[in-house]
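[1] Here's a sequence, model it:
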Amino acid sequence: MSKRSCEFLIIGSGFGGAFAAHTLAKAGRDVVVVERGRWVVRDDSCWDEERLHLKNPLYRGHTPVFINQHGNKIEEYWPDDTVGGMSPFYGAAAFRMREEDFFGAPLENSAQRDPKTSWPFTYSDLAPYYDKAEKLQFVAGTKGDDITEPPRSMDFPQPAPALSLPSQKIYNAARKLGLHPFHIPLAINFRGDCGKGECVRCHTCDHYCCKVEAKNDLSVVVLPEAISAGARVLDDTRALKINLSKRKAVSVELVNQRTGERYMVNAKCVVLACGALATPHLLLASGIDKEIPAGEIVGRFLMRHANGVVSGIGITKANPKNEFHKQIAISDYYFGDPQKKRKPIGNWGLIQEIHTPGKGVMKANVPWGLKNVAAFTANFLYNLLCIAEDQPQYDNRVYIDNSMHDKFGMPLLRVYHRYTKRDIAARNALYSVAKRILFAAGTVPVYCYHINTFSHAIGTCRFGINSSTSVLDPECRVWGIKNLFVLDGSFMPSGGSVNPSLTIAANSLRVADILKDIR
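    So this is what the prediction gives:
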């Protein structure tokens, strides 16, 4: 980078960073995006589970995160780092939060929402930006298909594709039980004219990159437009510290991870969009928690959904054509038991069909004696993902360990997380519904797998109307720092029970509309 200054320095190229860069660059502003990941190489490695997930993963980041989530056991987690954040690996589900979700997180033994975690605006305020985000990612879906769908002014940019054989089986089973299955809204180029490549309906999508660029991830459909409008993307580059002067962010210290070169970039405005783990990491490492009114909650209230998978085994191969089959969702229990008979009281969440992991990944994650069994049964499995909203807790947090540092000199990142009894009860309630659907599909539920990753992490820099109880103001500006903003999932005080990516994108577009007029 020859020019060491810019108007807007955006750190992170995921949903918060990419959509803001798109708006700002299109408005003619000088934008630089810093991304610690690399551009995905679109070759056969995209569909190779060995290259992506097993021995020496291709896009593994440079530094680990140490996680305490099961008793005293500390797990070492290595993130995958790519341009576009995690979108090249994600499953492309693009849901809107429901109107009620904006009223706050679920309360214990109550159908009410927690007003302490309510949003400073409503769904109707964000709806136009949901429209725009769906259009930019060419989301495929069917309006009115989902019985809990919030109001929308326009249809989806693409119609939902026809169901594959395994998806049709899940659809029929849910209908047989009197449920209302619907098409998952997906940011995938099914039609061939909504992005770069046309989807070939392969079964490697979720947790894989797309060789033909049919998954409309941010490195395919949003960032290229921002670059065409003048934005610059510095890949394989890490932000080390934000420097303040007179209540303003004036510069950011960067390091080129390829060469080791360190340098400073001055900026009129700094936007953090590193993700709900990395953004508080950078704020804490920069000492910004000591400069703001509620600095003690930076990194606190970490949420990630209480996610789990129920797998059922059939007597014939589940997907003989190896087709794409992440297509069906069931929202009948989103707001809890419709008959008000089963607990927990209040909302439960969403059920989605998902792909079966590759045989290599399955073998790598089961005990030694079951590896071959797991690989064999993979061909016969049907899987339903259960997403229950988790309650924000003060003790669930991201924090830094100043006694240890990574190869770049930053303090190591540590995570502490536990679920509440209600979180687990809601997930278990969804498990029971998922098992009924799998039974109706002619399979026998054999396994419930609790997901321990932080792919849906949110909430660590929550926004609100009170500077003493939130890190950010309603415009996602760090309280007391006039030109420092946070636009990733950290801002969310509650998260509903849907994949958060589209909500992060919509909010980024909302805030970017404000930022583009700042001089």
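
[2] What score does residue 363 have for pLDDT?
    Residue 363 carries a pLDDT value of 66.

[3] List the contacts of the longest helix along the chain.
    Ordering each helix of the chain by length in residues (DSSP state H) puts helix 421-440 first. With contact meaning C-beta atoms under 8 Å, 6 or more residues apart in numbering, helix 421-440 is reached by 106, 108, 170, 173-174, 176-177, 179, 306-308, 310, 312, 330, 332-333, 337, 342-344, 347-349, 351, 382, 384, 386-391, 444-445, 448, 450. Just so you know, the C-beta spots here come from the backbone N, C-alpha and C atoms, and that holds for glycine as well.

[4] Give me the buried subset of those residues.
    106, 170, 173-174, 179, 306-308, 310, 312, 330, 332-333, 337, 344, 347-349, 351, 382, 384, 386-391, 445 (16 or more other C-beta atoms under 10 Å).

[5] is residue 300 in a bridge, and if so with what?
    residue 397 (DSSP bridges).

[6] give me every residue that touches it.
    394, 395, 396, 397, 460.

[7] among these, who's most crowded?
    Comparing the contacts of residue 300 by number of neighbours (other C-beta atoms under 10 Å), residue 460 comes first, having 32 neighbours.

[8] Neighbours of the nearest residue to residue 384 once chain neighbours are set aside, how many?
    Closest residue to residue 384 apart from its sequence neighbours, by C-beta to C-beta, 6 or more residues apart in numbering: residue 434 at 4.1 Å. By other C-beta under 10 Å, the residues close to residue 434 number 27.

[9] same for the longest strand along the chain, what does it pack against?
    Identified as the longest strand of the chain according to DSSP state E is strand 262-272. The contact analysis (3 or more C-beta pairs under 8 Å, 6 or more residues apart in numbering; DSSP states H and E) places strand 262-272 against strand 5-11, helix 15-26, strand 237-245, strand 248-256, helix 278-285, strand 484-486.

[10] List the strands paired with the first one, with their directions.
    By that I understand strand 5-11. Counting by DSSP bridges, strand 5-11 is paired with strand 31-34 (parallel), strand 262-272 (parallel).

[11] Distance-wise, check residue 41 relative to residue 378.
    27 Å (C-beta to C-beta, to the nearest Å).

[12] nope, residue 80 is what I was after
    From residue 80 to residue 378 the distance is 22 Å (C-beta to C-beta).

[13] the more surrounded of the two?
    Each of residue 80 and residue 378 has its neighbours counted (other C-beta under 10 Å); residue 378 has more, 21 against 18.

[14] Wasn't that one part of a helix?
    Yes - under DSSP: H, G, I helix; E, B strand; the rest coil, residue 378 falls within a helix.

[15] quick one: the strands in the stretch 1-150 of the chain?
    5-11, 31-34, 65-70, 73-77, 140-141 (DSSP state E, counting those that start in this stretch).

[16] Determine how far the longest helix of the chain lies from the middle of the whole chain.
    With C-alpha atoms, centre = their mean, to the nearest Å as the basis, helix 421-440 stands 22 Å off its chain's centre.

[17] can you pull the buried residues of it?
    For helix 421-440, by 16+ other C-beta under 10 Å, it's 422-431, 433-438, 440.

[18] One more: stretch 260-269?
    265, 267, 268, 269.

[19] Nearest to residue 26 among those residues?
    When these are ranked by distance to residue 26 (C-beta to C-beta), residue 269 comes first, at 16.3 Å.

[20] Next, find the distance separating that closest one from residue 8.
    Taking C-beta to C-beta, one finds residue 269 at 5 Å from residue 8.

[21] tell me, what's touching these two both at once?
    With C-beta under 8 Å, 6+ apart as the test, residue 269 and residue 8 both reach residue 515.

[22] Tell me how many other residues crowd residue 478.
    With other C-beta under 10 Å as criterion, residue 478 counts 27.

[23] So for stretch 260-279, first residue to last residue, what's the gap.
    Length of stretch 260-279, first residue to last, C-alpha to C-alpha, to the nearest Å: 22 Å.

[24] ditto for stretch 249-263
    End-to-end for stretch 249-263, by C-alpha to C-alpha: 16 Å.

[25] Need the contact partners of it.
    Against stretch 249-263 from outside (C-beta under 8 Å, 6+ apart): 1, 4, 9, 11, 34, 36, 62, 234, 236-244, 264-267, 269-270, 408, 481, 483-484.

[26] Please apply the same query to stretch 196-203.
    Here stretch 196-203 has contacts from 47, 161, 164, 188-192, 210, 212-215, 220-221, 319, 322-325, 355, using C-beta under 8 Å, 6+ apart.

[27] Over to stretch 56-66?
    36-38, 40-41, 45, 51-52, 74-82, 238, 257, 277, 401, 406-408, 410, 412-415.

[28] Can you go through these and name the buried ones?
    In the contacts of stretch 56-66, the ones that pass as buried (16+ other C-beta under 10 Å) are 36-37, 40, 45, 51-52, 77, 79-82, 238, 257, 277, 410, 412-415.

[29] those helices in the stretch 251-400 of the chain, which residues are they?
    Here the stretch 251-400 of the chain has its helices, by DSSP state H, counting those that start in this stretch, at 278-285, 359-364, 371-377.

[30] and stretch 465-474, C-alpha only, in PDB?
    The C-alpha coordinates for stretch 465-474 follow below in PDB (Å, rounded to 0.1, in the frame of the first residue of the first chain):
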ATOM      1  CA  ILE A 465     -29.500   4.000  24.100                       C
ATOM      2  CA  ASN A 466     -27.600   4.200  27.400                       C
ATOM      3  CA  SER A 467     -23.800   4.700  27.400                       C
ATOM      4  CA  SER A 468     -23.600   3.100  30.900                       C
ATOM      5  CA  THR A 469     -25.000  -0.300  29.700                       C
ATOM      6  CA  SER A 470     -23.800  -0.500  26.100                       C
ATOM      7  CA  VAL A 471     -20.600  -0.200  24.100                       C
ATOM      8  CA  LEU A 472     -22.100   1.400  21.100                       C
ATOM      9  CA  ASP A 473     -24.800   4.000  20.400                       C
ATOM     10  CA  PRO A 474     -27.700   3.300  18.100                       C
END
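
[31] Quick check: buried residues in that stretch?
    Applying 16+ other C-beta under 10 Å to stretch 465-474 flags 470, 471, 472, 473 as buried.

[32] what's the most distant pair in the residues you listed?
    471 and 473 (9.1 Å).

[33] which residues do those two both contact?
    Joint contacts of residue 471 and residue 473 (C-beta under 8 Å, 6+ apart) are 463, 479.

[34] tell me the mean pLDDT over the longest strand of the chain?
    97.

[35] tally of neighbours for residue 137?
    As a measure of burial, residue 137 has 32 neighbours, counting by other C-beta under 10 Å.

[36] Any figure for the gap between it and residue 417?
    29 Å.

[37] what does residue 263 give?
    35 Å.

[38] Check residue 294 too.
    Distance from residue 294 to residue 417, by C-beta to C-beta: 21 Å.

[39] repeat for residue 357
    23 Å.

[40] And for residue 204?
    From residue 204 over to residue 417 (counting by C-beta to C-beta), the distance is 29 Å.

[41] got a list of contacts for stretch 279-289?
    Counting by C-beta under 8 Å, 6+ apart, 11-12, 239-244, 272-274, 295-296, 298-299, 398-400, 410-411, 413, 460-461, 478, 481, 484, 486, 488, 490 sit against stretch 279-289.
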